[in-house]
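Peer 1: fold the stuff below for me.
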Amino acid sequence: MNLDNNRTARAIGLVYSACCYVVFLITCLYLIGFVGNVAVPKNINDGPLVAWPVAALINCALILLFGVQHTVMARTGFKQWLAAIIPTSVERSSYVLLSSLVLVLMFWLWQPMTFTVWKVETTWAKALLIGLFWLGWGIALLATFLIDHFELFGLKQVIDRWRKPTPQAPVFRTPLLYKIVRHPLYLGFLIAFWATPYMTSGHLLFAIGMTVYVFIGASFEEKDLVRLFGERYRRYQQEVSMILPWSKTRKKDPE
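Peer 2: Residues are numbered from 1 along each chain as shown. All right, here's what the predicted structure looks like:
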């Protein structure tokens, strides 16, 4: 059954993508609680303790699995291969679903490592770090809406396929935060992962591992964006920092 051409099948695709999006929302909310030790059954410091080398090995494997899944499935070659198996309209939703399931696996199997790296007791400093934590998630959420939240998470594709709009070429835009850094979504994640008044060795391992993934994943994504937008994106790279908002000198055109 071809989900892109059959009306009933397109409706199934729409329901499928909506379910993937709901799974993503629940998983994302749990991720916030997991990292921030907020209102979830198991957070990053919860669970039975095992020997720290075993815990570190398991946790590193989980981070590696997440990074490989995200990086491989986001590549153009993999998308072309996947298009031969599933309709292109649900490709992004499938990516979102699998990413969510990998995170669920991480929540389930993550091993606590409770050695205290730092613990901030001062009221104002603790409040500042908690505020930065929520600011990071706010930046990440805002970044998704500045581009196209529902396209990023797979809903727009199936809705467009249902309506059968005229296909449009991608448009290069740099709204608001994208004038400061090229990947504000990743910047928001980094702030959220590192800003905590209570940093354990397990949380530190998570923050380091996800930071490494963010920079590696962004580098691969940059190559895809250069192929898509060409010289326009290369100029953008010269003018705006990738993730960290360091100032860059704008290159002047030769007179």
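Peer 1: need the three-state assignment for Val117.
Peer 2: Classification of Val117 using DSSP: H, G, I helix; E, B strand; the rest coil returns strand.
Peer 1: okay, now it: neighbour count?
Peer 2: 15 (other CB atoms under 10 Å). All C-beta atoms are positioned from the backbone trio N, CA, C, and that covers glycine.
Peer 1: let me know whether it touches Thr196 as I believe.
Peer 2: No. Checked against CB atoms under 8 Å, the pair Val117 and Thr196 is beyond contact range at 9.7 Å.
Peer 1: intersection of neighbour lists for these two?
Peer 2: Common neighbours of Val117 and Thr196 are listed as His203 (criterion: CB atoms under 8 Å, 6 or more residues apart in numbering).
Peer 1: now do the helices in this structure.
Peer 2: Remark: helices assigned in the chain by DSSP state H are 7-36, 52-73, 76-83, 91-109, 123-147, 149-152, 155-163, 184-194, 201-229, 231-239.
Peer 1: helices and strands around the fourth one, which ones?
Peer 2: Think helix 91-109. For helix 91-109, the packing partners by 3 or more CB pairs under 8 Å, 6 or more residues apart in numbering; DSSP states H and E come out as helix 7-36, helix 52-73, helix 76-83, helix 155-163.
Peer 1: in TSV, list those helices along with distance to Phe107 and mean neighbour count.
Peer 2: What follows is the helices and strands packed on helix 91-109, written out as TSV (distance: least, CB to CB, whole Å; neighbours: other CB atoms under 10 Å):
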stretch	distance to Phe107	mean neighbour count
helix 7-36	6	17
helix 52-73	9	15
helix 76-83	25	12
helix 155-163	24	18
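Peer 1: Gly136: which of those is closest?
Peer 2: Checking those against Gly136 by CB to CB gives helix 7-36 as the closest, at 9.7 Å.
Peer 1: what mean pLDDT does the closest one have?
Peer 2: Averaging pLDDT along helix 7-36 gives 93.
Peer 1: now for it, which elements pack on it?
Peer 2: Counting contacts by 3+ CB pairs under 8 Å, 6+ apart, helix 7-36 is packed against helix 91-109, helix 155-163, helix 184-194.
Peer 1: now the shortest one against helix 91-109, angle please.
Peer 2: Inter-element angle recorded for helix 155-163 and helix 91-109: 150 degrees (by axes from the mean of the first three to the mean of the last three CA atoms, to 10 degrees).
Peer 1: list the helices and strands helix 155-163 packs on?
Peer 2: Judged by 3+ CB pairs under 8 Å, 6+ apart, the packing partners of helix 155-163 are helix 7-36, helix 91-109, helix 149-152.
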